[in-house]
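J.: My questions concern the predicted model and sequence given below.
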Amino acid sequence: MHKLRFIALTLASVLFHGVSYATSSSISEPTQASLALLLLFAFIGGALLNLMPCVLPVLSLKLLSLVTGGNSRAQLRSCATWYTVGVVTSFAVIGIVIVAVQSTGKALGWGFQLQEPTFVAVLAWLMTLIGLSLAGHFTLGGGGGGASTKLLNRSGRAGDFWTGALTCVVASPCVAPLMGAPLAYAFTAPWPLAMAVFVTLGFGVAAPFLVVGFVPGLASRLPKPGAWMDTLKTVLAYPMFLTGVWLLWVLGRQLGINAVAVALIAVVALALGLWQYERSRWADRVWGKRMGALVILASLAISISAGRIPATGIPELKPSNLSIATPYTPKDLERLRNEGRSVFVSVTADWCITCIANEQAVLSRAEFVDLLRRTETVYMKGDWTNGDPVVDAFLKGHGVAGVPLYVLYRGTDDNATTVLPQILTMDSIRTALERQRMTSNDTASFQGR
C-alpha cells in the first residue's frame, strides 16, 4: 500500500507540475485555454485508444483481470487501481525517455521503440511467455497455506500492474482520434507540459477499466469466477500467440529471415525451459528447476541477439501495392505539385496495425486503384518502419508525431491540402478524392475563361 501511495503521489506530482506550468503568469490566457483543451483531447484520445486494433490483443488480459477480481469489490478496486498505476507509469516512462532523448538533439516519434529490432524480438518473446502462461503450460505460485495466499495476492497486484504496462507498450504504435494534436504538442513542448500530456494519456487509457472497478453497478454485472475461467484462459492465449507472430513478421521486414529464425529458436527454447522448470518444481528437484531457469534466461538472450544480427535478405521496404504507388520523396512530391497534379501521400509502418488494416480494407482494393485512375491522382507512400529522417520531417511538417498519416494535395494550393482520418473507409477516401478532382476542374474552367 505504501508503494502504491508513493507511485500515485509521484504521478500526481508530475501532472500537477505540468498544470502549474501551464497556468503560470508567463503563459497567456488563450494559450492556457488551448492547453486545457489539449489535455482534454489527450484524455479522450487515451480512452478511445482502447478501441484501436493494436490494443485488442491485450483486451483479453484486461478482461481476465476483471473477472478474476470480480468476487469482491475490494479485489476489483485493487485490480483496477494497480492496472491504472501500471498504465500511467508506463506512459510517464515513455515521456521521460522521449524528453531525455530529444534534449540531446535527436528526433523521435510516437511508437519509436518498435523501430528497434531488439525491442520487437524481445516483445515477441514476452507475448509468447504470456500466451504459454494463459494456455496452462506453466503456473505461478503453488502449495497451500497463508504464505502461498500472500504470494498469490502479491502476484495478483504485480500482474495487474504489468498488464497495464503491457497495454501501454502494445498501444504505443497506434494513434487514436483526438490524440494527434496532444502528441504533436508533447514532442515539442517544455518538459513539464510534455509529461502532463503523457500522464493524461495514461489516465485516459485506464479510465474505462477504473470506472468498472469503482462503480458498483457496473462491477455487479461481471460474471462470477468459476471453472469456466480455465477454458477462457486457454482461449485468450491465442491473441497473444498471434501478436507474437505479427511481431516476428515485423522483425523479418526489419532484418530479414535470419533474424526471424533466431527469434523462433528463442521461442522454442523458452517453451523447453518452462516445461523443464514446471515439471521439476512439482517434483521438488532443485537441479531441474535451476536448469529450466537457465534455459529460460538463455532463450531471452537469444531473443535479444535476434534483434542485433546483421540485416540480410530484407524485402525492399516499398508499398505492397507497388504497381500503383511510388516511394515518397520530398523532391518528387514538390515536382508533382508544381505540375498541378493531385497527390495522395500515405505514411505507414509495418508495426502499425491500424496502417495494415487500412491497407487491406481500402488501399489494396481494386476500387481504390480505379478511383486513383479516374481522379488522376498520384499515390505516394512513405515507410516509417525503421525510422527515416525524411519521413520524420514530413510528419513534423504536418504537426503529427506518429502514423498513420494520410494527406491529399492539389497542386501548390496549400489551402486545398486535406489530412484524412487515421481510420480509412472506402467512402471517406472516395469523397475526398472526388471532391479534390471537382475542385481542380472548377479552377481550371475558371482560369480558362
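T.: Thanks, I have it. Numbers count the residues shown, from 1 in each chain.
J.: so where is this structure shaky, pLDDT-wise?
T.: Applying pLDDT under 70 to the chain flags residues 1-33, 53, 56-57, 59-71, 139-156, 219-220, 222-226, 313-323, 439-449.
J.: what's the longest helix in this structure?
T.: If you go by DSSP state H, the chain has its longest helix at helix 73-102.
J.: buried ones in that one?
T.: For helix 73-102, a neighbour-count test (16 or more other Cβ atoms under 10 Å) marks 75-76, 78-92, 94-95, 98-99 as buried. Heads up, the C-betas are built off the backbone N, CA and C, glycines and all.
J.: Remind me what that helix packs against, helices and strands.
T.: Counting contacts by 3 or more Cβ pairs under 8 Å, 6 or more residues apart in numbering; DSSP states H and E, helix 73-102 packs against helix 2-22, helix 56-68, helix 146-171, helix 191-214, helix 216-219.
J.: okay, now the nearest residue to A189 once chain neighbours are set aside: neighbour count?
T.: Nearest residue to A189 in three dimensions, chain neighbours excluded: V197, at 7.3 Å (Cβ to Cβ, 6 or more residues apart in numbering). Applying other Cβ atoms under 10 Å, we find 29 residues neighbouring V197.
J.: And for K396?
T.: K396, neighbours per other Cβ under 10 Å, totals 15.
J.: What helix or strand is it located in?
T.: Assigned by DSSP states H and E, K396 belongs to helix 389-397.
J.: which secondary structure elements does that helix contact?
T.: Helix 389-397 sits against helix 330-338, strand 342-348, strand 377-383, with contacts defined as 3+ Cβ pairs under 8 Å, 6+ apart.
J.: hey, which of the ones you listed is tucked in deepest?
T.: Ranked by mean neighbour count, the helices and strands packed on helix 389-397 are led by strand 342-348 with a mean of 23 (mean count of other Cβ atoms under 10 Å).
J.: in the next helix-or-strand element following it, what's buried?
T.: Next in sequence after strand 342-348, counting helices and strands by DSSP H and E, comes helix 353-358. Of all the residues in helix 353-358, those buried under the rule 16+ other Cβ under 10 Å are I353, T354, C355, I356, A357, N358.
J.: now for helix 353-358, which elements pack on it?
T.: So helix 353-358, by 3+ Cβ pairs under 8 Å, 6+ apart, packs with strand 342-348.
J.: If we use 10 Å, what do you get?
T.: The contact analysis (3 or more Cβ pairs under 10 Å, 6 or more residues apart in numbering; DSSP states H and E) places helix 353-358 against helix 228-255, strand 342-348, strand 405-410.
J.: following the shortest one, which helix or strand comes up?
T.: Tracing the chain C-terminally past strand 405-410 and defining elements by DSSP H and E, one meets strand 418-419 next.
J.: what sits up against that following strand?
T.: Here strand 418-419 makes contact (Cβ atoms under 10 Å, 6 or more residues apart in numbering) with 180, 344, 398-400, 405-410, 432-433, 435-436.
J.: And A266, how far from E278?
T.: Relative to E278, A266 is positioned 18 Å away (Cβ to Cβ, to the nearest Å).
J.: Looking at those two, which is more packed in?
T.: Each of A266 and E278 has its neighbours counted (other Cβ under 10 Å); A266 has more, 22 against 19.
J.: residue contacts, that one?
T.: A266 makes contact with 121-122, 124-125, 128, 298-306 under the criterion Cβ under 10 Å, 6+ apart.
J.: For PyMOL, write the select line for the buried members of those.
T.: This is how PyMOL selects the buried members of those, with burial counted by 16+ other Cβ under 10 Å:
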select buried, resi 121+122+124+125+128+299+300+302+303+304+305+306
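J.: Export the contacts of A266 to CSV and append columns for distance to S428.
T.: CSV is the format used below for these (distance: Cβ to Cβ, whole Å):
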residue, distance to S428
A121, 36
V122, 37
A124, 33
W125, 38
T128, 37
A298, 49
S299, 45
L300, 44
A301, 47
I302, 44
S303, 40
I304, 42
S305, 44
A306, 39
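J.: Specify which member of the contacts of A266 is nearest to W249.
T.: Within those, proximity to W249 (Cβ to Cβ) peaks at A124, which comes in at 9.5 Å.
J.: Can you name the helix or strand that that closest one falls in?
T.: Counting by DSSP H and E, the element that carries A124 is helix 117-134.
J.: buried stuff in that helix?
T.: Per 16+ other Cβ under 10 Å, helix 117-134 contains these buried residues: 117-134.
J.: For the residue nearest to A189, give its distance to G387.
T.: On the measure of Cβ to Cβ, V197 and G387 end up 22 Å apart.
J.: about what we covered before: please name whichever of the helices and strands packed on helix 353-358 is nearest to G159.
T.: helix 228-255 (12.6 Å).
J.: Measure how the helix holding K396 sits relative to strand 405-410, angle-wise.
T.: 80 degrees (axes from the mean of the first three to the mean of the last three Cα atoms, to 10 degrees).
J.: what are the C-alpha coordinates of helix 389-397, in PDB please?
T.: In PDB, the C-alpha atoms belonging to helix 389-397 read as follows (Å, rounded to 0.1, in the frame of the first residue of the first chain):
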ATOM      1  CA  PRO A 389      14.700  11.400 -41.200                       C
ATOM      2  CA  VAL A 390      12.900  12.300 -44.400                       C
ATOM      3  CA  VAL A 391       9.600  10.800 -43.100                       C
ATOM      4  CA  ASP A 392      10.300  12.400 -39.700                       C
ATOM      5  CA  ALA A 393      10.400  15.800 -41.400                       C
ATOM      6  CA  PHE A 394       7.100  15.100 -43.300                       C
ATOM      7  CA  LEU A 395       5.300  14.100 -40.100                       C
ATOM      8  CA  LYS A 396       6.600  17.100 -38.200                       C
ATOM      9  CA  GLY A 397       5.600  19.400 -41.100                       C
END
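J.: got the angle for it vs strand 342-348?
T.: Using the same axes, to 10 degrees: helix 389-397 against strand 342-348 is 110 degrees.
J.: how far does helix 389-397 sit from the chain's center?
T.: The chain centroid and the centroid of helix 389-397 are separated by 20 Å under Cα atoms, centre = their mean, to the nearest Å.
J.: now it and strand 377-383, what's the angle there?
T.: Going by the same axes, to 10 degrees, helix 389-397 makes 110 degrees with strand 377-383.
J.: Show residues contacting helix 389-397.
T.: So helix 389-397 is contacted by 107-110, 112, 184, 187-188, 327-331, 333, 345, 347-349, 382-385, 388, 400-403, 405, 407 (Cβ under 10 Å, 6+ apart).
J.: now do stretch 282-302
T.: By Cβ under 10 Å, 6+ apart, stretch 282-302 touches 121-122, 125-126, 128-129, 138-139, 142, 262-281.
J.: let's see 6 Å
T.: Contact with stretch 282-302 is made by I265, A266, A269, L270, L272, G273, Q276, Y277, S280, R281, as judged by Cβ atoms under 6 Å, 6 or more residues apart in numbering.
J.: immediately after the strand or helix carrying the fourth one, which helix or strand?
T.: Going back to what we said before, that points to L270. Using DSSP H and E, the element containing L270 is helix 257-282. Next along the chain after helix 257-282, taking DSSP H and E as the criterion, comes helix 286-306.
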